[in-house]
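Asks: The sequence and its predicted three-dimensional model are supplied below.
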Amino acid sequence: MSELHKILIIDDQLDICEQISGLLSDKGFNTQYKLSAEEGIKTFDKIKHSLVILDIWLNNSKFDGFQTLEKIRKINKNIPIIMISGHGNIETAVNSIKKGAYDFIEKPFDSEILIFKVKKALENFDLKAKITDFYKNKNYNFISKSSLSKNVINKLKKITKTESSVFLDGKKGSGREFLAKKIHSESNRFNKNFKTLDFSQYSETEIEENLFGKEINRITASPGLFEEVEGGTLFLKNIDSMFPKIQGKLLRVFEEKKYKRIGGSVSKNIDFRLICSSNSSFFNIKKNKLLRNDLLKSFNFFEIYVPSLKEREDDREDLIYEFVKEVVEEKKIKEKNVEPDIFSFFANLDFIDNTLQLKNFIKWGLSSLYDANEKILSKDNLVKLLSDFLGNDILLDDDQILNRGIKEARESFEIKYLKYNLEKFKKNVSKMSKEIGMERTALHRKLKSLNIQLD
C-alpha cells in the first residue's frame, strides 16, 4: 500500500518536516514536504497525493493551517488531511474535524500513533477510491424495449446530470432502488457515497438517529446519514411511512440547508441529492395528505413512474438474460455450460410478475444448481432441483409447471418459497421482506392468506 501513495507534509519548521518525512520513509511511504502554505497548495495542485499532513500554525505563510485546509479541499475534497499542532487541545482537535480534516495529532507526537493514523487515513482513501471505481464500472443497464421503459430512460436523460430531487413512483419490486443507483452512478456525484434509509423498517427514534447522528460529548459521536452521504446521494424509501415529527425536522433541514447531531450544538451544512420512493403513489400521498404539503414543496420532486414487470412484458426476455448473466459472471460459470432452454423456462414462469422477485428466483435457482455441483445449467436440471425443493406439491416436469393454472402454480410455489425464506432468515420478517422484494405488511398478509404460521 505504502509505495502507491504520495504524502505531502506542510509545516513551517524544517526539523518537523524532516522528522515526519524520515519516519514515514523508513516505513516505505513516498513523501515530500513544503515549508509554506503557498508552496504546499501549489505542489498539491500539480501532483496527485493520497494524504496531506498539515500544521495549523504556519507563521511564515499568507494562510494559516485552517485556510490552507479549505483551499486543499477545494482542489480535491476526497483527500484525507491530518492536522498537527504544538498548541493542541480538545477544542483545536474538534475544530479541525469540523472544518473537514480527517484527524488531528498534537506535537510532540508519538511515532507509533502517527504511523497508525497515516495507515488508517490511507485505508479510508483507498476505500473511497474503490467506491468511485465501483460506480464507474458498475453496469446499471435499464432494459427498455417496452414503451413505458423507454419513457423512463427519456426522463432519466433529462435529470441525471442535474441536482433535481427525484420521486420514483411504482410498485414494490419494480426496480426503483436499482434506478436510484443508476441515477447516482451517472450523476456528477458518482464518486461520493450512496446511502439508503427505509422509513418502514425503523422506529421514530431510530430514524432520527440514523439521519442526524448522535453526539454524547464533543469527542464521542456517531455520524448520521446526512454526514455520511456528504456530496453524494440519499435514497429515502417508503416516505409515506414517515412519522410526523420526522417530517417537521426534515422540513427545517431542507429550509435551512443545515442540521445538528442529536445532542450537538454545531450546525453542519447538508450537501446531497435526494431520491425518494413510496408504497403509495405520489398522487395518493398528496390526495390523502400522507406527507406535509410544505415538506413536499421543499423536496420539489421530479417524478418518474417505474413500471412493474407485468407492465413491461416486452422487457421480460432481456431482463432474464441480464439476471442469468449476473449469476454466471458472479459464479464464474463458463457460457458453454448454460443451456439456451433455461431462458425459455424462466420466460414461461409468468406467475412471477415482480422484477425483484424474478431476479431473486433466477439467482436462487442458478446458484443452487451451481452449489450442487451441476456442471450444466439446463431446464431439466433446474426442474429436478425445483421438484426436490417443492416435494409433492408440484411434480415439476414441463407440462405441470408451465401448463398449470397460474393461481395454483403461484400458490404452491409461494408456500414452499416463503417457508424456505422464513427458515433462512429465522422468522425475521423485516429482513426477509427486504430480501425477497415484498413490503413487510404485504408479506404479513400473504403469510396469513396462505396459513403460514410464524409461531
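Replies: Yep, that arrived.

Asks: Against residue 414, how distant is the nearest residue to residue 175 once chain neighbours are set aside?
Replies: Nearest non-adjacent residue to residue 175, counting by Cβ to Cβ, 6 or more residues apart in numbering: residue 355, 4.9 Å away. Where you see a C-beta, it was placed from the backbone N, CA and C, and this is true even at glycine. Distance, residue 355 to residue 414, by Cβ to Cβ, to the nearest Å: 17 Å.

Asks: where's the residue nearest to residue 231 when sequence neighbours are not counted, which helix or strand?
Replies: Spatially, and ignoring its direct neighbours in sequence, residue 231 is nearest to residue 192 (4.0 Å; Cβ to Cβ, 6+ apart). Per DSSP states H and E: residue 192 is located in neither a helix nor a strand.

Asks: Test my guess that residue 192 contacts residue 273.
Replies: No: here residue 192 does not reach residue 273: they are 9.3 Å apart, not a contact under Cβ atoms under 8 Å.

Asks: Mutual contacts of those two, please.
Replies: Taking Cβ atoms under 8 Å, 6 or more residues apart in numbering as the criterion, residue 192 and residue 273 both touch 232, 233.

Asks: re the thing from before, looking at residue 355 and residue 414, which is more packed in?
Replies: residue 355 (28 against 18; other Cβ atoms under 10 Å).

Asks: re the thing from before, pull up the gap between the residue nearest to residue 231 and residue 448, please.
Replies: Where residue 448 is concerned, residue 192 sits at a distance of 42 Å (Cβ to Cβ).

Asks: More neighbours: the two, which one.
Replies: residue 192 (24 against 11).

Asks: give me every residue that touches that one.
Replies: With Cβ under 8 Å, 6+ apart, residue 192 has these contacts: 131, 229, 230, 231, 232, 233.

Asks: Quick one, which of the residues you listed are buried?
Replies: 131, 229, 230, 232, 233 (16 or more other Cβ atoms under 10 Å).

Asks: For the stretch 301-450 of the chain, just list every one of the strands.
Replies: Taking DSSP state E, counting those that start in this stretch as the criterion, the stretch 301-450 of the chain carries its strands at 302-305.

Asks: Touching, residue 85 and residue 58? I think so.
Replies: No: using Cβ under 8 Å, residue 85 makes no contact with residue 58, being 10.6 Å away.

Asks: on that earlier part again, give the contact list for the residue nearest to residue 175.
Replies: With Cβ under 8 Å, 6+ apart, residue 355 has these contacts: 173, 174, 175, 308, 309, 319, 437.

Asks: any idea how far it lies from residue 59?
Replies: Distance from residue 355 to residue 59, by Cβ to Cβ: 62 Å.

Asks: likewise residue 249?
Replies: 44 Å.

Asks: Which one's more surrounded, these two?
Replies: residue 249 (16 against 9).

Asks: Would you agree that one falls within a helix?
Replies: Yes: according to DSSP: H, G, I helix; E, B strand; the rest coil, residue 249 belongs to a helix.

Asks: Just confirm it contacts residue 207, I think it does.
Replies: No: Residue 249 is beyond contact range of residue 207, at 9.6 Å (criterion: Cβ under 8 Å).

Asks: Which segments of the protein make up each domain?
Replies: 2-135, 143-307, 310-449 (automatic domain parsing).

Asks: got those as CSV, with distance to residue 455 and mean pLDDT columns?
Replies: Output for the domains of the chain, formatted as CSV (distance: least, Cβ to Cβ, whole Å; pLDDT from 0 to 100):
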stretch, distance to residue 455, mean pLDDT
domain 2-135, 42, 84
domain 143-307, 22, 92
domain 310-449, 9, 78
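
Asks: ok, longest helix in the protein?
Replies: If each helix of the chain is counted by residues according to DSSP state H, the longest one is helix 111-137.

Asks: starting at the chain centroid, how far to that one?
Replies: Mean C-alpha position of helix 111-137 versus that of the full chain (Cα atoms, centre = their mean, to the nearest Å) differs by 18 Å.

Asks: What is that helix packed up against?
Replies: helix 14-26, strand 51-55, strand 81-85, strand 103-106, helix 176-185 (3 or more Cβ pairs under 8 Å, 6 or more residues apart in numbering; DSSP states H and E).

Asks: where along the stretch 351-455 of the chain do the helices fall?
Replies: 355-371, 379-390, 398-402, 406-424, 429-436, 440-449 (DSSP state H, counting those that start in this stretch).

Asks: cool, and the stretch 151-300 of the chain?
Replies: Counting by DSSP H, counting those that start in this stretch, the helices of the stretch 151-300 of the chain are 176-185, 204-212, 225-228, 244-256, 282-287, 293-299.

Asks: which of those helices is buried the deepest?
Replies: Using mean count of other Cβ atoms under 10 Å, the stretch among the helices of the stretch 151-300 of the chain with the largest mean neighbour count is helix 176-185, at a mean of 22.

Asks: So what's the gap between that one and the chain middle?
Replies: On Cα atoms, centre = their mean, the centre of helix 176-185 falls 9 Å from that of its chain.

Asks: ok, now stretch 419-427?
Replies: 25 Å.

Asks: okay, it in CSV with CA atoms only?
Replies: The C-alpha coordinates for stretch 419-427 follow below in CSV (Å, rounded to 0.1, in the frame of the first residue of the first chain):
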residue,chain,number,x,y,z
LYS,A,419,-41.4,-21.3,4.3
TYR,A,420,-37.9,-21.7,2.9
ASN,A,421,-37.1,-18.0,3.5
LEU,A,422,-38.7,-17.9,6.9
GLU,A,423,-36.3,-20.6,7.9
LYS,A,424,-33.4,-18.9,6.2
PHE,A,425,-34.0,-15.6,8.0
LYS,A,426,-35.0,-17.3,11.3
LYS,A,427,-38.5,-15.8,11.0
